[in-house]
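Chemist: coords please:
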Amino acid sequence: QVQLVESGGGSVQAGGSRGLSCTPSGRAFRIFPIAWFRQAPGKDREFVGCIRCSGTSTYYADSVKDRFTISSDYAKNTLYLQMTSLKSEDTAVYYCAARSPSKVYSGIYSPDDYDYWGQGTPVTVSG
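Modeler: So this is what the prediction gives:
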């Protein structure tokens, strides 16, 4: 069973930076994490960004554009999220997501467009 494992969460002051990473564990052949979502308390899970989720481009939510950067290391099968200029509204549990290699997906922004998830790593921005 494929499981994605996120790491790097924690507390940070507003205006600060934080980096997250995600890598699959278990039988992860051809499972490449490609997207980040987040979920704040009492809110729905929302799209943060994705890389190579539609062609070779990288997409970001407007709320994080120019502050967050998604990258990946194919050799390590690891997905990264570098967050800068953090705001209190960035406080959430951050999840990485991957797709099944045997399916075709029509979108990139909905959690329904992904099949594999991590358990999430919390990021708390204070100040």
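
Chemist: ok, so what distance separates the closest residue to Ser110 other than its chain neighbours from Ala61?
Modeler: Spatial nearest neighbour of Ser110, chain neighbours left out: Phe47 (7.4 Å); criterion: Cβ to Cβ, 6 or more residues apart in numbering. For every residue, glycine as well, the C-beta is placed using N, CA and C. Separation of Phe47 from Ala61 (Cβ to Cβ, to the nearest Å): 5 Å.

Chemist: neighbour count winner among these two?
Modeler: Phe47 (23 against 16; other Cβ atoms under 10 Å).

Chemist: Please report phi then psi for that one.
Modeler: The phi/psi pair for Phe47 (degrees, to the nearest 10) reads phi -70, psi 130.

Chemist: Which strand residues bridge it?
Modeler: Taking DSSP bridges, one obtains Phe37 as the residues bridged to Phe47.

Chemist: In contact with it, which residues are there?
Modeler: Ala35, Phe37, Ala61, Ile108, Tyr109, Ser110 (Cβ atoms under 8 Å, 6 or more residues apart in numbering).

Chemist: if I look at it, how far off is Tyr74?
Modeler: 22 Å.

Chemist: and Asp113, backbone torsions?
Modeler: In terms of degrees, to the nearest 10, the main-chain angles of Asp113 are phi -90, psi 10.

Chemist: Can you give me every residue that contacts it?
Modeler: Asp113 sits in contact with Cys53, Arg99, Tyr105, Ser106, Gly107, where contact means Cβ under 8 Å, 6+ apart.

Chemist: The first one should be in a helix, yeah?
Modeler: In this case it means Cys53. No. Per DSSP: H, G, I helix; E, B strand; the rest coil, Cys53 lies outside any helix segment and is coil.

Chemist: what residues are up against the residue nearest to it when sequence neighbours are not counted?
Modeler: Excluding the flanking residues, the one nearest Cys53 by Cβ to Cβ, 6+ apart is Ile108, at 4.4 Å. If you count contacts by Cβ under 8 Å, 6+ apart, Ile108 has them with Ala35, Phe47, Cys50, Cys53, Ser54, Tyr59.

Chemist: For Ile108, what are phi and psi?
Modeler: According to degrees, to the nearest 10, Ile108 has phi -130, psi -10.
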